[in-house]
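Sequence and predicted structure, then a few things I'm wondering about:
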Amino acid sequence: LGSGNMNSEGHLEIGDVDTVDLAKEFGTPLYVYDVAKIREQATAYLSTFKKRNVTAKVAYASKAFSCIAMVQLMQQEGLHLDVVSGGELFTALQAGFPATHIHFHGNNKSIEELTAAVEEGVGSIVVDNFYELDCLKSIGESLNRVIPIQLRITPGIEAHTHEYILTGQEDSKFGFDLISKQADQALHEALSSSYIDMMGIHCHIGSQIFESDGFVMAIRKIFDLLEDWSESFGYEARVVNLGGGFGIAYTTNDKKISIEEMMNVVVDEVQDQVAEKSLAMPEIWIEPGRSIVGEAGTTLYTVGSEKRIPGVRNYLAVDGGMTDNLRPALYQAKYEAVIANRLSQKNTQTVSIAGKCCESGDMLIQEVSLPKTSQGDILAMFCTGAYGYSMANNYNRLPRPAVVFVEEGEAQLVVERETYRDLVHLDRPLKKTVVTSF
Ligand code: LLP
C-alpha cells in the first residue's frame with residue numbers, strides 16, 4: 001500500500017530515505033512524496049497509449065496537488081496540465097510550464113481569469129456554460145485572437161452502484177446537458193464565431209472510479225452526440241477528452257486498478273465507436289489527478305497525547321489533522337498508518353488516530369492496529385498525496401506543513417512549512433483604538 005519499505009533499523013523508508021530522519025530534519029506534520037512512484041504512474045498512462053499507437057494527451061489535474069516542483073515534474077514526464085483557477089494557472093506559469101500544454105477548467109471562471117489564460121496562450125479552455133462562451137467570444141474579439149476550446153458536456157450518467165464522486169449526472173453544476181439540447185446550442189454558437197476554434201468535447205464522470213463501465217457509457221454518449229453533430233452541423237471533433245477520476249487503493253481492502261487495463265478499455269471503445277459511426281479518429285485526452293500523486297504521498301506526524309477510555313476507545317493524538325487532510329472529516333475517507341520507527345514491532349493495540357483541531361470530527365483514522373507507542377513516535381499515514389496539501393487549511397490557525405520530495409536517497413524541500421508570521425502576514429490591525437472602561 002502506498003510507498004515505502006522497512007530498512008535495517010526497522011524504520012519506514014521512502015525513496016531510500018529514512019522517514020524518521022525526514023521528520024527530524026523537516027519537522028512534522030510533513031508530506032513526503034516518492035518521486036519515482038509519481039513518474040511510474042505518469043509513465044503507465046503514456047506508455048499504454050503509445051503501445052496502442054493512438055494520439056493521446058495526458059494532462060495532470062493539478063487540483064490534486066499543485067506546487068512549482070510538482071508542475072515541473074509533470075513537464076519532465078511529458079504530461080500536459082489541467083488547471084482550474086487563476087491560482088493554479090499562475091503556479092504553472094511560474095514553474096515555466098508551456099502555456100500551450102495547459103488546459104483550463106472551471107464552472108465559473110472569471111473574466112480576469114479567462115483573459116489572462118487567453119493572453120498567456122493557454123492551449124485550450126474547457127467551456128462549461130453559455131456565459132463563458134459569450135465572454136470568450138468578446139475576449140477573442142478584443143484581443144483579436146482565435147481561442148481553442150472544448151465543450152464540456154454532462155453525459156447524464158448516474159453511477160448508483162459505485163462510490164463515485166459524481167459529476168456526470170444530469171443534475172450537475174458542470175457542463176452543457178444533452179437532454180435539453182444545450183450542447184447543440186453551444187456547438188452552434190461556438191461554430192458561428194470566428195474567434196472560437198472548436199477543438200472537441202469534454203466530459204468527466206466523477207472521481208475515485210474503479211470500474212471501466214462508466215467510461216464506456218460516457219464514450220458511447222459522446223460518440224452518439226458526435227455522430228449527430230457530424231450529420232447536423234458537418235462538425236468533426238479533433239479531441240475527445242474523458243476527464244479524470246481513475247481510482248486508487250487507500251486501504252489494503254480497496255481494489256487496485258490497473259491503469260493499463262483501464263486505458264486499454266477506453267482505447268478499444270473509442271476505436272469501436274469511430275469504426276461503427278464512420279467518424280475520424282480524434283485525439284484521446286485524459287486528465288488524471290489522484291492516480292498520479294495519491295499513492296506517492298505519505299504524511300508523517302508526531303504522536304502526542306493519549307486518552308484511554310476502557311472498553312470504549314483509545315485515542316492517540318497527532319500534531320496535524322483535518323487541517324492537512326480534510327478527507328476523513330469531509331468524506332469519511334479511510335486510511336492506513338504505521339509507526340514509522342517501530343515497523344519491526346508487533347501490533348498490540350487498537351487505537352483511533354485523532355487530529356489536534358478543536359472539533360470532535362477531527363479524527364484521521366477510526367481504529368487501526370499499531371504497536372505500543374510513546375510520545376515522539378512518528379506515525380506515517382499512507383496515500384495522502386492527492387487532495388491532502390491541496391485542500392489543507394489554517395483552521396485553528398495551524399500553519400500548513402512542509403512538502404518534501406524524495407528520490408534515490410535524496411530529499412528535497414519543495415514547499416516550506418508555514419510560519420506563525422505567515423499566518424498574520426495579511427492581517428491588518430484595527431484602525432481605531434477604542435478604550436472601553438467598565
Ligand atoms: N477533471 C475534472 C474535470 C475534475 O473535476 C477532476 C476532479 C479531475 C479531472 C481529476 O480527478 P481525479 O483523477 O483526481 O479523480 N476532493 C475530492 C476529489 C474531487 C475531485 C474533483 N474533480 C477528494 O479528495 O476525493
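That came through fine. Fair warning: this is a prediction, and the values are worked out from it, not measured in the lab.

Check what pLDDT whatever residue of the stretch 301-438 of the chain ends up closest to the ligand gets.
Nearest residue of the stretch 301-438 of the chain to the ligand: residue 387, at 3.1 Å (C-beta to the nearest ligand atom). For the C-beta atoms, the positions are set from N, CA and C on the backbone; glycine is no exception. As summarised for this prediction, residue 387 has a pLDDT of 98.

Can you classify it as helix, strand or coil?
On the three-state scheme (DSSP: H, G, I helix; E, B strand; the rest coil), residue 387 is labelled coil.

show me the contacts for residue 104.
83-84, 89, 113-114, 117, 122, 124-126 (C-beta atoms under 8 Å, 6 or more residues apart in numbering).

now residue 334
Taking C-beta under 8 Å, 6+ apart, we find residue 334 in contact with 250-251, 328, 365.

Ok, residue 390 next?
Taking C-beta under 8 Å, 6+ apart as the criterion, residue 390 is in contact with 63-66.

What is the nearest of those to residue 296?
Out of the contacts of residue 390, the one with the shortest distance to residue 296 is residue 65. That distance is 9.2 Å, counting by C-beta to C-beta.

For that closest one, the count of nearby residues, please.
For residue 65, the tally of surrounding residues (other C-beta atoms under 10 Å) stands at 29.

Wait, it touches residue 297, no?
Yes: here residue 65 reaches residue 297: they are 7.2 Å apart, a contact under C-beta atoms under 8 Å.

Now the common contact residues for these two.
Counting by C-beta under 8 Å, 6+ apart, the shared contacts of residue 65 and residue 297 are 385-386, 388-389.

returning to what we had before: who wins for most neighbours among the contacts of residue 390?
Note: the member of these with the most neighbours is residue 65, at 29 neighbours, neighbours being other C-beta under 10 Å.

any idea how far that one is from the ligand?
Using C-beta to the nearest ligand atom, to the nearest Å, we find residue 65 at a distance of 10 Å from the ligand.

again with residue 52
Taking C-beta to the nearest ligand atom as the measure, residue 52 falls 20 Å from the ligand.

I'd like the contacts of residue 390 as TSV, with secondary structure and pLDDT appended.
Converted to TSV, the contacts of residue 390 look like this (DSSP: H, G, I helix; E, B strand; the rest coil; pLDDT from 0 to 100):
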residue	secondary structure	pLDDT
63	helix	98
64	helix	98
65	coil	98
66	coil	98
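
For the ligand, see how far away the closest residue to residue 95 other than its chain neighbours is.
The spatial neighbour of residue 95 that comes closest, neighbours along the chain excluded (C-beta to C-beta, 6 or more residues apart in numbering), is residue 71 at 3.8 Å. According to C-beta to the nearest ligand atom, residue 71 stands 15 Å off from the ligand.

pretty sure residue 71 is touching residue 97, no?
Yes: A contact is recorded between residue 71 and residue 97 when judged using C-beta under 8 Å, the distance being 5.2 Å.

okay, and the common contacts of these two?
Counting by C-beta under 8 Å, 6+ apart, the shared contacts of residue 71 and residue 97 are residue 81.

neighbour count winner among these two?
Higher neighbour count among residue 71 and residue 97: residue 71, with 25 against 22, using other C-beta under 10 Å.

In terms of helix, strand or coil, where does the more buried one fall?
helix.

Can you verify my assumption that the residue of the stretch 301-438 of the chain closest to the ligand contacts residue 327?
Yes: using C-beta under 8 Å as the test, residue 387 is close enough to residue 327 to be in contact (6.2 Å).

Of these two, give the one with the bigger neighbour count.
For residue 387 against residue 327, the residue with the higher neighbour count under other C-beta under 10 Å is residue 387, and the figures read 24 against 19.

how about the residues of the stretch 301-438 of the chain near the ligand?
Contact residues of the stretch 301-438 of the chain with respect to the ligand, defined by C-beta under 6 Å from any ligand atom, are listed as 327, 386-387.

cool, the stretch 151-300 of the chain as well?
Residues of the stretch 151-300 of the chain found near the ligand (C-beta under 6 Å from any ligand atom) are 165, 167, 204, 207-208, 243-246, 287-291.
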